[in-house]
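Chemist: Next come a sequence and a model predicted from it.
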Amino acid sequence: MFKFKIENRVGKARTGVLKTSRGKVATPNIATVATHGKIRILNKTDHKRANPDLLIANTFHLWVNNKVKEIRKAGGIHKWNRIKKPTMTDSGGFQVFSLGWGKTHKVGKVAKGGGLPVGEEMGGTENSAVKITDGGVVFKYENREYKLDAEKSMKIQRDIGADIIFAFDECTSPAHSRSYNEKSLIKTHAWAERSLAEHKKLNARALKGGGGGQALFGIVQGGIFEDLRKKSSKFIGSMDFDGFGIGGSFGEKEMGKVIGWALDGLPDEKPRHLLGIGKIGDIFTAVERGIDLFDCVIPTREARHGVLYTKGGRMSIGRSIFGNDNKLIERGCGCFACANKIKRKDIRQMFKTDKDKARRLATIHNIHFYKTLFREIRETIAIGKGFEKLKKEYGVG
RNA sequence: GGGUAGGUGGCGGAGUGGUCAAACGCACUAGACUGUAAAUCUAGCGGCUUAAUUGCCUACGGGGGUUCAAAUCCCUCCCUGCCCA
C-alpha cells in the first residue's frame, strides 16, 4: 500500500501524510540513514528509544556485504531487522558517485560555496573504481567487481523489500562539466525507464503472489544547470512513478535554485524527496520550495563524531568549554539522554571513557532533535504561520 | 653488598657523533562531516617571534671531560627497574 495526501499548504510548502503498509509518515519528514539495515551503533532498544519515523537503507552496501539473500529468506528487511518502520532503500546510484568521481574529485555532493563547475572535469579525470557505461555500472570495491544496472537494482530492492525504493541513476559530481551532465542525464533517464519497467513487472508478480507492493520513486538529475534540471524534471515527472527524488550535486549557494528547477516539472500531488540533504538551513530552504521528504547522514554521523544538536546551535561536545557545563544537552528535550538528566559535561566525559555509550546517546538525541525540528515545521505550516519565526529559533536566516 | 638494564617533551617510546625542537603512539586543542569507503578524517601540539616552515632561546637525570661538532664517546655522582646475596 502506498498513498500520499497533502493536507496543508503555505506558499509552496506543504504538509501531508504518507501511508505505507508499515504505517504513516507525516511530512515534511526525514529518513534516518540505516545503510546496513539498522542505524549505526544503536541496538534494538536504542532503536525504540530513538523511534525514527522513517528509515533508509542502502542497496549497494547490503548487496556487497552479502545481506540480500539473508534478507530475502527472512521475508524482507522488516522481518530481518525486526524494525517495523516505514523504510526506503536507495538504489546504489549514489555509490556511483561516492565511490567513483567523488573520490577522484575529492568532493561531497554539496560543494563548499557555489559557482561550480570550476572547469571541465576538474580535480582529476581517472575514475578507476567505477566504470560507467550506457548499460550500467561496474564497481571495483574491496578487490572485487560488482556489476549493477537498473534491472539488477530493482531486483535487489525487491528482495530487500522496503516500502519505498528508488530508480537507479547516476549521481554526478559537483565538479562535473555541463557536457558531462548532459551525457549522464541521458543515461539516468534511460535507466529511469528501465527501472520503472522492471519494477512494474516485479511488483505485479509480488502482488499476485500475495506479497506487498513497493512504491518506486524516480530521480531528477541535471547538476547545477537550469535547462537540464527542468528537462529532467519534466521527463521524470511525466512517468508513472509513485514519487520523486531530487538527486545529484550542486554547490551550497545554488541549492535553492536547483531545487526549484528540479521540482518545476513534477506533478504537485506526488511526494518529493530531496536525496541526501539535511543541514538545518538546507531543510528550511527545501521545505519552503515544496520538498516533502529528506534523508541525511548528518544527525547520526555527527552524533558519532561528538556533535550534538540543539536549538542554540551545534555543540562539538568534546570542546573544553563543555568540561564544566552542568546544563542538560538541551533543556526540555524529551530524548532518552535528556530525560535521564545527562549533563553536557557528563556526555563529554563519556566520549572519553565509554565512547560507544556516548555515541548511542548522542545518536538518539540527534534523531530526536530532527524529529522535533520536523514536527515544528509541520505545525507552522498546518496553522499557516510561524515558519519564519521557527527558522530564527533554529538559527537560520 | 654484587651484577645488570635503563634515565629523552604531559605520558609511552624512537634516535646511538653532525641534516634534532626530537620519528611514531597516546593524551590534549581546534576543525570538518549533506541519497554513510565515515565508531571517520584534517590540522596544531617547548617558549617567544615573523608576511613566511622567518629568526632567536631552552631541552635529552646532575657535574666534568674528549671533539670543529655529543642525546649519542669517556669519567663521576644521583635515581629507577630486574636478578643474585
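Modeler: Thanks, I have it.
Chemist: All the helices of the stretch 101-250 of chain A, residue numbers only.
Modeler: Using DSSP state H, counting those that start in this stretch, the helices found in the stretch 101-250 of chain A span residues A:102-105, A:150-160, A:178-208, A:226-237.
Chemist: out of those, nearest to RNA strand B?
Modeler: Among the helices of the stretch 101-250 of chain A, the nearest to RNA strand B by C-beta to the nearest atom of the strand is helix A:102-105 (4.1 Å). C-betas here are computed from N, CA, C, even on glycine.
Chemist: Show me how far the closest one is from its chain's centre.
Modeler: Put simply, helix A:102-105 sits 20 Å off its chain's centre (C-alpha atoms, centre = their mean, to the nearest Å).
Chemist: if we can go back for a sec, for the helices of the stretch 101-250 of chain A, give me CSV that also has mean neighbour count, mean pLDDT and distance to RNA strand B.
Modeler: As requested, the helices of the stretch 101-250 of chain A are exported to CSV (neighbours: other C-beta atoms under 10 Å; pLDDT from 0 to 100; distance: least, C-beta to the nearest atom of the strand, whole Å):
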stretch, mean neighbour count, mean pLDDT, distance to RNA strand B
helix A:102-105, 20, 91, 4
helix A:150-160, 24, 98, 10
helix A:178-208, 18, 95, 9
helix A:226-237, 21, 98, 12
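Chemist: In TSV, list those along with distance to residue A:276.
Modeler: Listed next are the helices of the stretch 101-250 of chain A as TSV, based on distance: least, C-beta to C-beta, whole Å:
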stretch	distance to residue A:276
helix A:102-105	12
helix A:150-160	17
helix A:178-208	16
helix A:226-237	16
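Chemist: measure stretch A:154-170 end to end?
Modeler: Separation of the first and last residues of stretch A:154-170 by C-alpha to C-alpha, to the nearest Å is 15 Å.
Chemist: mind listing what the closest residue to RNA strand B within the stretch 251-397 of chain A touches?
Modeler: Residue nearest to RNA strand B within the stretch 251-397 of chain A (C-beta to the nearest atom of the strand): residue A:276, separated by 1.9 Å. Applying C-beta atoms under 8 Å, 6 or more residues apart in numbering to residue A:276 gives the contacts A:94, A:109, A:247, A:295-297.
Chemist: who wins for most neighbours among those residues?
Modeler: residue A:247 (31 neighbours; other C-beta atoms under 10 Å).
Chemist: quick one on the thing from earlier: need phi/psi at the residue of the stretch 251-397 of chain A closest to RNA strand B.
Modeler: phi 70, psi 20 (degrees, to the nearest 10).
Chemist: Roughly how far does it sit from residue A:386?
Modeler: Applying C-beta to C-beta, to the nearest Å, the value for residue A:276 to residue A:386 is 28 Å.
Chemist: same check, this time on residue A:285
Modeler: Relative to residue A:386, and taking C-beta to C-beta, residue A:285 is found at 17 Å.
Chemist: Neighbour count for the two, which is higher?
Modeler: Shown here are residue A:285 and residue A:386; by other C-beta under 10 Å, residue A:285 has more neighbours (21 against 16).
Chemist: Nearest residue to the more buried one in space, ignoring adjacent ones along the chain?
Modeler: Computed as C-beta to C-beta, 6 or more residues apart in numbering, the closest residue to residue A:285 that is not its neighbour in sequence is residue A:256, at 4.9 Å.
Chemist: how many neighbours does that neighbour have?
Modeler: Residue A:256 has 16 nearby residues by other C-beta under 10 Å.
Chemist: do the same with residue A:312
Modeler: Residues near residue A:312, counting by other C-beta under 10 Å: 12.
Chemist: can you check residue A:319 too?
Modeler: Residue A:319, neighbours per other C-beta under 10 Å, totals 11.
Chemist: again, but for residue A:51
Modeler: Neighbour number of residue A:51 under other C-beta under 10 Å is 15.
Chemist: The nearest residue to residue A:378 once chain neighbours are set aside: what secondary structure?
Modeler: Nearest non-adjacent residue to residue A:378, counting by C-beta to C-beta, 6+ apart: residue A:15, 4.9 Å away. What DSSP: H, G, I helix; E, B strand; the rest coil gives for residue A:15 is strand.
Chemist: residues touching residue A:15, list them.
Modeler: By C-beta under 8 Å, 6+ apart, the neighbours of residue A:15 are A:6-9, A:26-28, A:378, A:381-382.
Chemist: what helix or strand is residue A:385 on?
Modeler: For residue A:385, there is no enclosing helix or strand under DSSP states H and E.
Chemist: That one and residue A:290, how far apart?
Modeler: In terms of C-beta to C-beta, residue A:385 sits 18 Å off from residue A:290.
Chemist: Compare these two (neighbour count), which wins?
Modeler: residue A:290 (19 against 11).
Chemist: From what I see, the more buried one and residue A:263 are in contact.
Modeler: Yes. Between residue A:290 and residue A:263 there is a contact at 5.4 Å, judged by C-beta atoms under 8 Å.
Chemist: what sits in contact with each of those two?
Modeler: Joint contacts of residue A:290 and residue A:263 (C-beta under 8 Å, 6+ apart) are residue A:272.
Chemist: Doesn't residue A:30 belong to a strand?
Modeler: Yes. Assessed with three-state DSSP, residue A:30 lies in a strand.
Chemist: Around RNA strand B, which positions in the stretch 201-350 of chain A sit nearby?
Modeler: Selection of the stretch 201-350 of chain A residues close to RNA strand B by C-beta under 7 Å from any atom of the strand yields A:219, A:221, A:245, A:247-248, A:252, A:275-279, A:282, A:295-298, A:300-302, A:304-307, A:316, A:318-321, A:323.
Chemist: Chain A - how does it break down into domains?
Modeler: Following automatic domain parsing, one gets these domains for chain A: A:2-296, A:299-389.
Chemist: Let me know which of those domains is tucked in deepest.
Modeler: domain A:2-296 (a mean of 20; mean count of other C-beta atoms under 10 Å).
Chemist: Lovely, talk soon.
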